[in-house]
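Colleague: What follows is a predicted protein model with its sequence.
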Amino acid sequence: MKLLVDIGNSNIVFGIFENKWKYVWRIKTQKDKPALYYSLKLNELLWEAGIDVKDIEFKVLSSVVPKLKDIIVEVLEKLNDKPLVILDRNIYDKLDIEVKNPLEMGTDLVANAIAAHKLYNGNVIIVDFGTALTFTAMDESGNILGVNIAPGLQTAVNALIGNTAQLPKVKLEFPPHPIGSNTVEAIQNGVLIGYIGLVKYMIKAIKTYLGHDYKTVVTGGLSSVIAPNIGEIDFVEPNLTLYGLLFAGELVLIQ
């Protein structure tokens, strides 16, 4: 089995793959915690799942949080003596995609592109509903053509609530009617319906510029909330980033 780790700004995601995704765990990203904290967390998850660390064949790490990268590298290196692959610009020449701006592009987006290129084999637009809402366009040859970035759904809600004293915290779920009858519903509709429009128009604009033979895949923790209401989606893959890490590990280690 393989262990894939994606350090994001909101969550750290651990995936265990053995012919299929056996486990996917999410823990909150905490930049001030030491390696011991994360080592205990990971070992507890593995122990509860009955996984012997000796059975993990290789590990792959992606991080968009520089402060935590070395900490988690330490945790993974001490976990067992099997290979650890770090997805960064040092291995991009071993991948089957082309990253034009490696210093500017997050490794999570690179992982998404690796996975989409292998799984969907064509021109694709990847929409990732994470802390940021990102749109990555890639052609059938694996060339990443560009990226657009907007605030993520939860980021938008947090910014609205954080700067407005009388607004409550709200769940990201659709209310029964498209016009709010109270403050919570007003925020839910404003963000969710608004983002449906944002995503649909962004996909349309990208396709108009690049050509309309592009399939669209969505991923990210909040993709299930909004994707069914967009109508422009060909594939939904919540574990796209982890798939990309899996494929990156295989590409690097078989060479």
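Modeller: Arrived safely.
Colleague: Sort out which residues of stretch 135-150 are buried, please.
Modeller: By neighbour count on 16 or more other C-beta atoms under 10 Å, the buried set for stretch 135-150 is 135-139, 142, 144-145, 147. In this view, the C-beta of every residue, glycine as well, is placed from N, C-alpha and C.
Colleague: Among these, which pair sits farthest apart?
Modeller: Spatially, the most separated pair among these is Phe135 and Gly142, at 17.4 Å (C-beta to C-beta).
Colleague: re earlier: can you lay out the buried residues of stretch 135-150 as a markdown table showing secondary structure, pLDDT and distance to Asp96?
Modeller: Below are the buried residues of stretch 135-150 laid out as a markdown table (DSSP: H, G, I helix; E, B strand; the rest coil; pLDDT from 0 to 100; distance: C-beta to C-beta, whole Å):
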| residue | secondary structure | pLDDT | distance to Asp96 |
| --- | --- | --- | --- |
| Phe135 | strand | 97 | 21 |
| Thr136 | strand | 97 | 16 |
| Ala137 | strand | 96 | 17 |
| Met138 | strand | 96 | 11 |
| Asp139 | coil | 95 | 13 |
| Gly142 | coil | 94 | 6 |
| Ile144 | strand | 95 | 12 |
| Leu145 | strand | 95 | 16 |
| Val147 | strand | 95 | 19 |
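Colleague: Just give the nearest non-adjacent residue to Gly110, would you?
Modeller: Let me fix one detail, which is that residue 110 is Val and not Gly. Val99 (5.8 Å; C-beta to C-beta, 6 or more residues apart in numbering).
Colleague: again, but for Arg26
Modeller: Nearest non-adjacent residue to Arg26 (C-beta to C-beta, 6+ apart): Asn11, at 4.6 Å.
Colleague: For burial, what's the neighbour tally of that neighbour?
Modeller: 16 (other C-beta atoms under 10 Å).
Colleague: Show the low-confidence segments of the stretch 151-255 of the chain, by residue range.
Modeller: The model of the stretch 151-255 of the chain has pLDDT under 70 over residues 163-168, 255.
Colleague: can you do 90?
Modeller: 152-176, 180-188, 191, 211-212, 220-232, 254-255 (pLDDT under 90).
Colleague: what ranges do the helices span in it?
Modeller: 153-162, 183-210, 223-226, 240-253 (DSSP state H, counting those that start in this stretch).
Colleague: mind checking which of those helices is nearest Asp108?
Modeller: helix 240-253 (5.4 Å).
Colleague: All set now, cheers.
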